[in-house]
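Asker: With the sequence up front, the predicted model follows.
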Amino acid sequence: MPLLRLLSVCAALLLAGCGNFLNLKQNLEEYQSHYTAAPISVRAEDCANCLLFAVIMARDEPGKVLSFRLLTQDESWRALLPKNAGSVFAFRDLDQDFTYSATEPYAEFPLPVSVSAGQAPDAMLLHIPARPSAPAGNPPGSSLLGALGAIADGFHLHSGSLTTLDDPRFSAEFARQGMWEALDFIRQERAGIYFLEPYDATRTPVLFVHGISGHPGEFKALLASLDRRRFQPWFFYYPSGLEIPTVSSGLHSLLSKLHYQHRFTDLHIVAHSMGGLAVRALLADCEQARSCPYLRSFISLSSPFGGDWAAQSGVDHSPVVMPVWRSMARQGPFMRTLFARPLPRQLSHHAGFGFLNEGLFSHKSGDGVIPLESQLRAEMQQQATSIRGFNTTHAGILEDPAAIAWVMALLEQAAH
C-alpha cells in the first residue's frame, strides 16, 4: 500500500476511535446472530400485473407475520430472515385486500431449523399455481396492512410517516449510529421513508437519499428551492453501515408498498454520495424484475460509482469490517456488477460531480473525498443522459447554488 494511503487509513482508524469499532463489533455479532440473508424467487402462473405477496412467517406462532414483500410480478431478491422465521408463504392477492383467503393461489416453503442458528438456507423458489391445490399449512392470520412497515418481529420501517427536517432523529449523532450501530438504529425505529406532509396526488414525489453517515436534514438547501406546488419531498433514512444490497432491497420494498397505497405515476430520485450507489442498485433490481414503472429520473450528486479505495483498505486491513465497506470496495463483487444491467428504459440518469479538493490526505483530482475517476466511472458515463461538474466539495455540493439550480432545472424539465 502506498505510504500516503497507509497513513490516511491509520488516521481514519484513530479518528473513528476504539469505542466505535467495539460498538461495530458488538452490533455485527448481534445482527449476524439474529438474521441471515437468503435468496428467494417467486414465480406465478397466469400473472400479468397481478398482486403477489411473499410473507416471512414465524416458526412457533401460527399465522404470525414477521415481514412481507409486495410484488407485482415474478421477482428474485435476497431476503433478511430473522432467527424465528419458520416459513416463506407467497400468495396471489386476487381481491387486492392485503389478506390471504382460502380461494387464492399460494406456495409455501418451510425453512430449516438451522435458520435459527444463523445458517442461510439454499436458494428458495416458490411457484404459485394458477389455482390452489390444497389447504395452506401456515398462512398469514390477518391482513398484511397491520405489518406494513415490518421487517422482523418487533422491528418496523417508516412508510410515509409525517415529520420535519428539524426532527431530532435527523442529526449527525444518529446518522453516525446508523453507520456504526446499524442494528440499534433499526431497533429504535429510525429507518424508513418520511413525508413532510400528507400524500397529495396532485404533486409529484421527489425522493431524497443521503450518503454514508448522512441524514435527511442535509437536504435543507435543496428543499428550500424545490417547487412545493408541483413536487412533494420524501426522504429515505437508513443505517448506512449496512451492505448496500440490503439497503436497496429495503428501499425497493418500501417503494412498492407506497406505490400500491397511493398509485403515483411518477417519481424522481435525488441521491448524494453513497446514496447514489443504493439507488443504482435499486434501478438494476427494477430492470431485472421489470418493475418500478413510475421511476422517471435519477439525479446523483458526488457518488462514488467506481468505489472507494479507503473502503477497500478497510476491508483489507481493519480488525472489524463495516458491511458497507465490502459493498464500496473497488475490487469487490458489488462494484464489479453495479452497471451490469442497463437503466430502466423510462428513466434518465443525470450525474453531478464536484472537483474542489480541500481534503487533507487526498491529492487526486476530485471533491476532497471521492476522486474524479470514481465519480466519473466509464460505465456510468455511457449510461447517463447528462453529466455536470461543479467547483465545490463533496458535502458542499448539497448547498452549492449552481448545483441546486441544475437539480431544480432537471426536475422541472422532467415534469413537462
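Answerer: Received the coordinates, thanks.
Asker: Now stretch 158-175: average pLDDT?
Answerer: Across stretch 158-175, pLDDT averages out at 96.
Asker: do the same with stretch 57-66
Answerer: 88.
Asker: now do stretch 88-96
Answerer: Mean predicted confidence for stretch 88-96 is 91.
Asker: and the end-to-end length of it?
Answerer: Using C-alpha to C-alpha, to the nearest Å, one end of stretch 88-96 lies 19 Å from the other.
Asker: Stretch 128-147 too?
Answerer: 22 Å.
Asker: what is the rounded mean pLDDT of that stretch?
Answerer: Average pLDDT, stretch 128-147: 83.
Asker: now it, how far from the chain's geometric center?
Answerer: Distance, stretch centre to chain centre, for stretch 128-147: 27 Å (C-alpha atoms, centre = their mean, to the nearest Å).
Asker: ditto for stretch 243-256
Answerer: 3 Å.
Asker: can you check stretch 22-30 too?
Answerer: 21 Å.
Asker: quick check: mean pLDDT across it?
Answerer: 83.
Asker: So for it, what gets flagged as buried?
Answerer: 23-24, 27-28 (16 or more other C-beta atoms under 10 Å). Every C-beta, even on glycine, is put in place using the N, C-alpha and C of the backbone.
Asker: How about stretch 387-402?
Answerer: 388-390, 392-400.
Asker: In strands, which of these fall?
Answerer: Under the assignment DSSP state E, these contribute 388-390 to strands.
Asker: between these, which is nearest residue 235?
Answerer: residue 390 (22.4 Å; C-beta to C-beta).
Asker: coming back round to it: any chance of the buried residues of stretch 22-30 in JSON lines with secondary structure and distance to residue 379 as columns?
Answerer: Converted to JSON lines, the buried residues of stretch 22-30 look like this (DSSP: H, G, I helix; E, B strand; the rest coil; distance: C-beta to C-beta, whole Å):
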{"residue": "23", "secondary structure": "helix", "distance to residue 379": "36"}
{"residue": "24", "secondary structure": "helix", "distance to residue 379": "31"}
{"residue": "27", "secondary structure": "helix", "distance to residue 379": "33"}
{"residue": "28", "secondary structure": "helix", "distance to residue 379": "31"}
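Asker: residue ranges of the strands in the stretch 251-400 of the chain, please?
Answerer: Shown for the stretch 251-400 of the chain, the strands assigned by DSSP state E, counting those that start in this stretch span residues 267-272, 295-301, 348-354, 386-390.
Asker: Check the stretch 1-150 of the chain too.
Answerer: Counting by DSSP E, counting those that start in this stretch, the strands of the stretch 1-150 of the chain are 35-44, 52-58, 65-71, 75-82, 85-92, 106-110, 124-128, 150-152.
Asker: Of those strands, which is nearest residue 384?
Answerer: Per C-beta to C-beta, nearest to residue 384 of the strands of the stretch 1-150 of the chain: strand 75-82, 25.9 Å.
Asker: list the helices and strands the closest one packs on?
Answerer: Secondary-structure packing of strand 75-82 (3 or more C-beta pairs under 8 Å, 6 or more residues apart in numbering; DSSP states H and E): strand 35-44, strand 52-58, strand 65-71, strand 150-152, helix 244-262, helix 274-289.
Asker: mean pLDDT lowest for which of the ones you listed?
Answerer: strand 150-152 (a mean of 59).
Asker: and residue 93, what does it touch?
Answerer: 50-53, 99-100, 104 (C-beta atoms under 8 Å, 6 or more residues apart in numbering).
Asker: any chance of the residues you listed in TSV, with neighbour count too?
Answerer: Putting these into TSV (neighbours: other C-beta atoms under 10 Å) gives the following:
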residue	neighbour count
50	16
51	18
52	24
53	22
99	18
100	23
104	18
